[in-house]
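K.L.:
here you go, sequence then predicted model.
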Amino acid sequence: MLPPSFIGVFDSGIGGLSVLQTIHAEWPEAATVYYADQAHFPYGPKPASELHAYVDAAAQMLIARGAAGIVLACHSASASSLERLRVSYPETPFIGLEPAVKPAAEATKTGVIGVLTTQITSQGALYKSVIERFASKVRVLTQIAPELVALAESGDIESPHARAVVERNLAPLVSANADQIVLACTHFPFLARIIGSLTPAALVDPAPGVARQTRRILENRLRPHAGRIYLTSGDPESFSRVAARLTNQSDLDVHQFPL
Ligand code: DGL
């Protein structure tokens, strides 16, 4: 079912599809296997100790089946597990997601940046370190927004209800005059249209840089094979339905794959 050599792309749910789309755009001929751990969604509110087991199982499965490298297309998984995975699997390149605080801090004119994220990402050492290194001279407002994760995961990205929820979560950032909003959860680019209609702030998404980095790191490791496969530990029909709505692709090759 899986190509013999592929890029593994992993998230708790459908959010990582926002990263996968940029990888497909950057490197159309690369084979990809997307794994959504929807049986354990959401990751954001869970303790790191619990996520370690889920992320390890997914990484192990992808490596055993031929992943040339793995993109943790999930800030929460990267925050909890990236360094550990690199130690456990030294032969496999892991590309992680880091909150894009650096470009936001460089671009701000008001001196205020907002970061929309999850609980576990906001508590991680990686987030602390990017703020210390790149944002010591600007005000950083962190907004933990699990409701937005749930909206995107259900495919509700344009209803009046979605708009009201996004507006409530953005309010503290808008009223503090943040002119850069870092999307530090891969589910949030799917809400970009609503967010953009509520604030003139620039939305900062690290995905295009991650796609370029993925190609650079894996170019010489990935053997040429075709295939774009989608696996979920949850319900494949609901994955297909939501993914079709979010990505405008209706014929995805989706399979159930519990770990
Ligand atoms: N896409 C995830 C992230 O980037 C998921 C959040 C969640 O599962 O709570 O953090």
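P.N.:
Great, that's in hand.

K.L.:
tell me the confidence at residue 47?
P.N.:
Note on residue 47: pLDDT of 96.

K.L.:
next: residue 226.
P.N.:
87.

K.L.:
would you say it is within a strand?
P.N.:
No: according to DSSP: H, G, I helix; E, B strand; the rest coil, residue 226 belongs to no strand; its state is coil.

K.L.:
test my guess that it contacts residue 4.
P.N.:
No: counting by C-beta atoms under 8 Å, residue 226 stays clear of residue 4, with 11.0 Å between them. The C-beta positions use only the backbone N, C-alpha and C, and glycine is treated the same way.

K.L.:
just the buried residues of the helix or strand harbouring residue 83, please?
P.N.:
Assigned by DSSP states H and E, residue 83 belongs to helix 75-88. For helix 75-88, the neighbour count (16 or more other C-beta atoms under 10 Å) marks 75, 76, 77, 78, 79, 80, 81, 82, 85 as buried.

K.L.:
go on, stretch 22-38?
P.N.:
When burial is assessed from 16+ other C-beta under 10 Å, stretch 22-38 yields the following buried residues: 22-24, 26-27, 30-38.

K.L.:
just these: which are in helices?
P.N.:
22, 23, 24, 26 (DSSP state H).

K.L.:
who touches the second one in this structure?
P.N.:
Going by C-beta atoms under 8 Å, 6 or more residues apart in numbering, residue 23 touches 7, 9, 30, 32, 71, 210, 211, 214, 215.

K.L.:
rerun at 7 Å
P.N.:
If you count contacts by C-beta atoms under 7 Å, 6 or more residues apart in numbering, residue 23 has them with 7, 9, 32, 71, 211, 214.

K.L.:
quick check: nearest residue in space to the most centrally placed residue in the chain, chain neighbours excluded?
P.N.:
Per C-alpha atoms, centre = their mean, the C-alpha nearest to the average position across the chain is that of residue 186, at 2.8 Å. Counting by C-beta to C-beta, 6 or more residues apart in numbering, residue 186 lies nearest to residue 15, which is 3.8 Å off, once chain neighbours are set aside.

K.L.:
any idea which element residue 9 lies in?
P.N.:
With DSSP H and E as the criterion, residue 9 is inside strand 6-11.
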